[in-house]
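Student: Here is a sequence with its predicted model. Questions after.
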Amino acid sequence: MSWLKYTLKRLLMLIPVIICVTFILYVILSFAPGNVAWQILGEDATQEQIAQLEAEMGLDQPLLVRYGKYMLGVCRLDFGTSWFGGEDIAKLFLGRLPFTLLVAVLSILFAVALGCPLGIGSAIKQYSLMDYGVSFVAMLLTSMPAFWLGTMCQILFCLTLKWLPVSGVGTWKHYVLPSVILGANTLASMIRMSRTSLLDVIRQDYIRTARAKGASEWKVIMHHAMRNSLIPIVTQIGITFAGVIAGAVVTENIFAIPGVGVLLINAVKARDVPIVMGTVIFVTIIVGMINLVVDIVCALIDPRIDFAS
Amino acid sequence: MSEERKNGARESDNLLEISDLHVQYNTDDAVVHALNGLSLKVKKGAKLGLVGETGAGKTTLALSVLRLLPAGVGEITEGSIIYDGDDLLKQPESFMLGLRGEKISMIFQDPMTSLNPTHTVGDQILEVLDLHFHEMPREEKNRKVDDILTLVGIPPARKNEFPHQFSGGMKQRIVIAMALVAEPELLLADEPTTALDVTIQAQILELMRDLKEKYNSAVILITHDLGVVAQFCDSVAVVYGGRVVEYGTVEQIYAREKNHPYTAGLFNCIPDLSVKAERLTPIEGRMADPRVVAQGCCFAERCKHCTEICKSRAPSAYEEDGHGILCHLFTKKEGA
Amino acid sequence: MFVRKSKKSLSEYSTGELVMFRFRKNKLAMFGVVLLSIIVITILLAPLISSYDAVVEMNMADRFQSPNAKYLFGTDEFGRDLFARILYGGRISMFASLAVIGIAFVIGAIMGGAAGYLGGRVDTILMRAVDVLMAVPSVLLAMAIITALGNGVWKLIIALAVSQVARFARTVRASVLTLRNVEYVEAARCFGASSLKIILKHILPNGIGPIIVSATITLGQTILSISSMGYLGLGVASPTPEWGTIISENKMNIGTYPYLGLIPGICICLAVMAVNFIGDGLRDAFDPKTKN
């Protein structure tokens, strides 16, 4: 039950962070250039119409008052409405979240399922041809911009070879390329992390102890090294999750997936402040939760981590 | 005692016989010569103390016997290690797997890092039995784990705890329990007490003595502490620069009548309460650069009795009644 | 080689000399240095190689010319010289990335240094702020700032720099903390050295390693971020060339004329890879224990 208490404590600790994040964002976004009402109403709007709309939107009030009202709304899960479309932000976000989460989770699964065995393999066969090859691929993947890799793959596999649908959502085939492209960077970090981590563990004294007991190389790796090297790998998965969500912005754009990323980028371009605000807060909460899960998983793997402290 | 020793010259009595062992570490920066023709014999049931300062090659020796030198870095270039009639350097890895942990086990220097943090201590001891005694029923294995824990003074009830829940001294006991649970023929104890404070040190030595009596294993105690050797061992080998420069029984060496200049230097570093001295006499200079193989005697540069021959030619062994010294000082006397 | 040639033993070399020695021995890192030097020198010499006019000049007669002697990298749908565009685009990409790292480093170093060195309440407040900033994925933070500031190279630089400040502050603080209580710093303090002198003379040279490594690795990521932003249409706007925007504006034609996508993409890859090789080399050189 101690982990339940720990989870609750961590969730409570997330609240002040979210409040601060919201405040900082609110201040930053309040710098968005002035005449919002004029932008919404279009060029023919009269002075009266603009003043009326500003009053309706509460833009004539001081920043802190506006922030207070916004936070009161957030407490009721009311993130306001889009400036230009008028849709409810929470609904808008939650409607698009499944697409993003699906691609994000698929991409991480892909990266972990492929990256960990590759990294572990090249650690075991350090300095072998395979090790150099895998390291090179990892280096290549970290150096390649996702938008470029995505565009090129789209042209090759969808337009030229016609193996996969070009864009949109629908069948499972639609998700193959986006997940792989979004996971490419994570794949690289998984390869590097699991390789480094295992090499680090293999150097430890307790691995030598295990060998001195007469354990075979296979047993040493599987039974003694694996669990210990998992801890940094799991932490890394948590860290990359934030990056994956951010990377979704690019991938969704290339493959026209109606997810949070497209919502955000369009809002940024249109300067639809409430959408940007709401999206960033939602994503921050999700990332915070993921980190919590990661910490709990780490504690389950590593007996040295005590929930009480 | 001496009667037994003379008979002991027979080959079959030697459990472990290392001859002319050369080991080098190939690092990025240089080739480090750790062992340069080290020879050593250990009889069944013997308690040998391996003495020398840090970097003399003591741990390298122990790891070489188990063939556990760091892969890709440590390399045995010459020599042989005969264990119970088999040259370990010529055996396949599968043979070594059966030997490690069952016939030869090792207690490592640092108890803090020698235990796997994610496994319970009970499981880690049990693993030795699982690896080597496939036919033994589970209950018997568990009983053996409980017994050995009791023997080293850890309540068996704590076997489901993890290493971080134990103190340093207790971890060392667990490491010892792990090394002894299979009742090995040869125990390599690499500075088992260095990381511990003095009171615990005495307890651990006492414990090792009891266990040795019980299982009659041969023990090689690696240490830089001459006091520990006097307490525990019956014979001594002094290692310097990757060679055994002096060997003999504890009595022969501690008599301080005939000693290698290096051993004599070591004795001078120990405070002696019976003699009134203003200060201790350290050995001048530093360990020779292990990257360079010495032409003559490896101790020549620091030796007070150094002569021309010491710098140009490696000394051969002078032996008298099982007491060997690798020094021109004695071979010259012999010749004259 | 180093050891055997000279009579000095390893301990007689200063930390800096050792780092340089290890770095120079790392083949991949040296490859990175050469590659980056070529890229940077070519970019710096851009005005000598091609005039800026070629970047924006449309020449409908020469549309979609494959790479040839006249147009080294070919031309785009408006007949603009891709080589010139990449050359000048690289100036913006590289300059903006360096500016981001520079700004983030200075602010981060001040924050982290103050937090680590002064400790106490200053530390608590600054680190809480860093925690909050770190809670937001940095790309999203940058996007929020762009929403507020609008498009433009400098606005993009500011947005990315602010989103990296927290990371630098943490690295610098960690370096300062590990060194603050080291014996030689205590000794210097006992001799009555001033805080500033201690920081400049003792903490900075010894703690700089992880900071340089972190800066180099972040530089690679920033080159990617800037081109991604360009691709998404944030930051640098067409017709001003930037590596990401070049790919974005040719998106529709890459299928028919693959060189339009391949060449700028490979340029980004090479630049990022060069920086990453250098970063890895520096990390191994500063901390050989982590070398695998």
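Tutor: Happy to help now that I have it. Every value quoted in this text rests on a predicted model; they were computed, and no experiment measured them. Numbers count the residues shown, from 1 in each chain, chains lettered A, B, ... in the order given.

Student: contacts, neighbours, all on C-alpha from now
Tutor: OK.

Student: For the lengthiest helix in chain A, name the packing helices and strands.
Tutor: Taking DSSP state H as the criterion, chain A has its longest helix at helix A:89-124. If you count contacts as 3 or more C-alpha pairs under 8 Å, 6 or more residues apart in numbering or on different chains; DSSP states H and E, helix A:89-124 packs onto helix A:129-143, helix A:173-202, helix A:226-255, helix A:260-270, helix A:273-301.

Student: so which of those is the most packed in?
Tutor: Across the helices and strands packed on helix A:89-124, averaging neighbours per residue (mean count of other C-alpha atoms under 10 Å in any protein chain shown) puts helix A:173-202 on top, at a mean of 24.

Student: Report the mean confidence score over that helix.
Tutor: Helix A:173-202 carries an average pLDDT of 92.

Student: That one near chain B anywhere?
Tutor: No: Helix A:173-202 does not reach chain B (C-alpha under 8 Å from any C-alpha of the partner chain); its nearest approach is 10.2 Å.

Student: Run through who's touching stretch A:89-105.
Tutor: Residues outside stretch A:89-105 that contact it (C-alpha atoms under 8 Å, 6 or more residues apart in numbering or on different chains): A:77-82, A:175, A:178-179, A:182-183, A:241, A:244-245, A:248, A:257-261, A:263, A:274-275, A:278-279.

Student: all strands for the stretch 201-336 of chain B, in order.
Tutor: In order along the chain, the stretch 201-336 of chain B carries the following strands (DSSP state E, counting those that start in this stretch): B:218-223, B:235-240, B:243-249, B:317-320, B:323-326.

Student: returning to that earlier point: so which bits of the longest helix of chain A are buried?
Tutor: Buried residues in helix A:89-124, counted by 16 or more other C-alpha atoms under 10 Å in any protein chain shown: A:89-90, A:92-93, A:96-97, A:99-101, A:103-112, A:115-116, A:118-124.

Student: TSV for the helices and strands packed on helix A:89-124, including distance to residue C:91?
Tutor: What follows is the helices and strands packed on helix A:89-124, written out as TSV (distance: least, C-alpha to C-alpha, whole Å):
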stretch	distance to residue C:91
helix A:129-143	19
helix A:173-202	25
helix A:226-255	23
helix A:260-270	25
helix A:273-301	31
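
Student: Ok, which of these comes nearest residue C:31?
Tutor: Taking C-alpha to C-alpha, helix A:129-143 is the member of those nearest to residue C:31, at 13.7 Å.

Student: any idea of the mean pLDDT for that closest one?
Tutor: Computed over helix A:129-143, the average pLDDT equals 93.

Student: Can you dump the C-alpha atoms of the next helix or strand along the chain from that helix in CSV for me?
Tutor: Scanning forward in sequence from helix A:129-143 by DSSP states H and E, the next helix or strand is helix A:146-153. The C-alpha trace of helix A:146-153 is given here as CSV (Å, rounded to 0.1, in the frame of the first residue of the first chain):
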residue,chain,number,x,y,z
ALA,A,146,12.1,13.5,-38.4
PHE,A,147,10.3,15.7,-40.9
TRP,A,148,12.8,14.9,-43.6
LEU,A,149,12.9,11.2,-42.9
GLY,A,150,9.1,11.2,-42.8
THR,A,151,8.7,13.1,-46.1
MET,A,152,11.3,10.9,-47.9
CYS,A,153,9.7,7.7,-46.6
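
Student: picking that back up, quick one: the longest helix of chain A to helix A:173-202, angle?
Tutor: Helix A:89-124 runs at 50 degrees relative to helix A:173-202, counting by axes from the mean of the first three to the mean of the last three C-alpha atoms, to 10 degrees.

Student: who's in contact with residue 281?
Tutor: Going with chain A. Residues near residue A:281 by C-alpha under 8 Å, 6+ apart: A:18, A:21, A:22.

Student: switch to chain C, that's the one I care about
Tutor: Residues near residue C:281 by C-alpha under 8 Å, 6+ apart: C:23, C:26, C:28, C:29.

Student: name the element it belongs to?
Tutor: Assigned by DSSP H and E, residue C:281 falls within helix C:259-286.

Student: buried residues in that helix?
Tutor: Of the residues in helix C:259-286, C:259-261, C:263-265, C:267-286 count as buried by neighbour count, 16+ other C-alpha under 10 Å.

Student: Same question for stretch B:159-166.
Tutor: Residues of stretch B:159-166 classed as buried by neighbour count (16+ other C-alpha under 10 Å): B:159, B:162, B:163, B:164, B:166.

Student: Pull the most distant pair out of these.
Tutor: B:159 and B:164 (12.4 Å).

Student: Pretty sure residue C:20 sits against residue C:285.
Tutor: Yes: using C-alpha atoms under 8 Å, residue C:20 is in contact with residue C:285, at 7.3 Å.

Student: Retrieve the pLDDT associated with the residue nearest the centre of chain B.
Tutor: Geometric centre of chain B, nearest residue: residue B:222, 3.3 Å, by C-alpha atoms, centre = their mean. You'll see residue B:222 listed with a pLDDT of 91.

Student: Contact partners for it?
Tutor: By C-alpha under 8 Å, 6+ apart, residue B:222 lies in contact with B:49, B:50, B:51, B:58, B:59, B:188, B:189, B:190, B:191, B:192.

Student: Columns pLDDT and secondary structure on top of those residues, output as a markdown table?
Tutor: Shown next, in a markdown table, are these (pLDDT from 0 to 100; DSSP: H, G, I helix; E, B strand; the rest coil):
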| residue | pLDDT | secondary structure |
| --- | --- | --- |
| B:49 | 91 | strand |
| B:50 | 91 | strand |
| B:51 | 90 | strand |
| B:58 | 85 | helix |
| B:59 | 87 | helix |
| B:188 | 92 | strand |
| B:189 | 91 | strand |
| B:190 | 89 | strand |
| B:191 | 86 | coil |
| B:192 | 84 | coil |
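
Student: where do the helices sit along the stretch 201-336 of chain B?
Tutor: B:226-232, B:250-254, B:261-268, B:308-312, B:328-335 (DSSP state H, counting those that start in this stretch).

Student: Would you format those as TSV with mean pLDDT included?
Tutor: Below are the helices of the stretch 201-336 of chain B laid out as TSV (pLDDT from 0 to 100):
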stretch	mean pLDDT
helix B:226-232	86
helix B:250-254	87
helix B:261-268	84
helix B:308-312	79
helix B:328-335	64
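
Student: Could I get the ones you listed in JSON lines, plus columns for mean neighbour count?
Tutor: Shown next, in JSON lines, are those (neighbours: other C-alpha atoms under 10 Å in any protein chain shown):
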{"stretch": "helix B:226-232", "mean neighbour count": "17"}
{"stretch": "helix B:250-254", "mean neighbour count": "18"}
{"stretch": "helix B:261-268", "mean neighbour count": "20"}
{"stretch": "helix B:308-312", "mean neighbour count": "15"}
{"stretch": "helix B:328-335", "mean neighbour count": "14"}
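
Student: among these, which is nearest residue A:69?
Tutor: Ranking the helices of the stretch 201-336 of chain B by proximity to residue A:69 (C-alpha to C-alpha) places helix B:226-232 first, at 75.9 Å.

Student: and that closest one, how far from the chain's centre?
Tutor: Relative to its chain's centre, helix B:226-232 lies at 13 Å (C-alpha atoms, centre = their mean, to the nearest Å).

Student: Now tell me what touches it from outside.
Tutor: Contact with helix B:226-232 is made by B:47, B:49, B:51, B:205, B:209, B:221, B:223, B:236, B:250, B:267, as judged by C-alpha under 8 Å, 6+ apart.

Student: ok, 6 Å please
Tutor: Residues from elsewhere that reach helix B:226-232 (C-alpha atoms under 6 Å, 6 or more residues apart in numbering or on different chains): residue B:49.

Student: Alright, calling it a day.
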